[in-house]
Each structure stands twice: as structure tokens, then as C-alpha cells.
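Participant: Please find the sequence and the predicted model below.
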Amino acid sequence: MTRHEAREQAFAVIFEKSFNETATFQEIIENAEECGLVKVNGFASTLLKAVEENIVKIDEVITENLVGWTLQRLPKVSLAVLRLAVGEILFNEDVPTNVSVNEAVEIAKTYGSPEDASYINGVLSAIVKKIK
């Protein structure tokens, strides 16, 4: 499995969590694996662990950089992509930030709309500028 595919798997779990807030990531993964829908590898697990353990901080960083939206009003696809990317940017030093941003935009193009991808690119660019 490529890192891009691992990110897509992690995205799917984060997206599912937005509909099933009481479930843990592990419960979502187990249910999806039983159905053959998701196969989470080590890299995807690392990303999911970072998001799950740091969701409050991740949401704070996203909220501080939203323009014209609130966290609650964001499309669920956009929110899941942003959580994945911000978690990777803040808590995975092995991946360059530009790779995380590009991967997030590609996932948004696949699962969201062109507007989602553009908006996500803008939000992540703002976050990266503040971090550096």
C-alpha cells in the first residue's frame, strides 16, 4: 500500500467518525476491516493515532485559520481532510509539510468538490505559514 492509499484509508476512518462520534477509531477500523472496506497499515495507524490523541489541538488550529466558515459548518469531507492533514503536519515530522498539503488537496479533489480542494489548500497554506 502506498502512502497515498494509507492516507485515503485514514481519511475514510476520520470521515466515518464524523457520523459516529461515540465510536473510537479502533472500533471503526475493526468494523470496516470485517466488511473488507478498509485495510489500515502502519502509516495510516500512525496518522490516525496522531489525530485521535490530538483532536482538540488540531481543531483549534483549523478553527484559527478558517475564513468564512466555522468548524461545525464545514462539509464533513473537508473537515476530515483538514484533520488528517493538520495532524500529519503537526505531529509527523517525517513528512515534509508541502507533501501533506498536496496529498490533502488530492484527497479533497477525489472525495469532495473542486471548491473543497481550493479551500483546503488555502487553509493549510495559512497554517503552514504560521508554523514556519
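Facilitator: Received the coordinates, thanks.
Participant: what's the least confident helix or strand in the protein, going by average pLDDT?
Facilitator: Here the helix or strand of the chain ranked lowest by mean pLDDT, DSSP states H and E is helix 25-35, holding a mean of 88.
Participant: does residue 22 count as helix, strand or coil?
Facilitator: Three-state assignment for residue 22 (DSSP: H, G, I helix; E, B strand; the rest coil): coil.
Participant: got the contact list for the nearest residue to residue 78 once chain neighbours are set aside?
Facilitator: Computed as CB to CB, 6 or more residues apart in numbering, the closest residue to residue 78 that is not its neighbour in sequence is residue 116, at 5.0 Å. (Each C-beta comes from the backbone N, C-alpha and C, glycine too.) Going by CB atoms under 8 Å, 6 or more residues apart in numbering, residue 116 touches 75, 77-78, 81, 108-109.
Participant: Among the residues you listed, which lie within helices?
Facilitator: The helices, defined by DSSP state H, take in 77-78, 81, 108-109 from these.
Participant: Only the buried subset of those, as a PyMOL command please.
Facilitator: Provided next is the PyMOL selection string for whichever of the ones in helices among the contacts of residue 116 are buried by 16 or more other CB atoms under 10 Å:
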select buried, resi 77+78+81+108
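Participant: out of the ones in helices among the contacts of residue 116, what pair is the most spread apart?
Facilitator: Spatial extent of these (CB to CB) is set by the pair 78 and 109 at 11.8 Å.
Participant: if we can go back for a sec, I'd like the ones in helices among the contacts of residue 116 as CSV, with pLDDT appended.
Facilitator: Output for these, formatted as CSV (pLDDT from 0 to 100):
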residue, pLDDT
77, 96
78, 96
81, 98
108, 97
109, 96
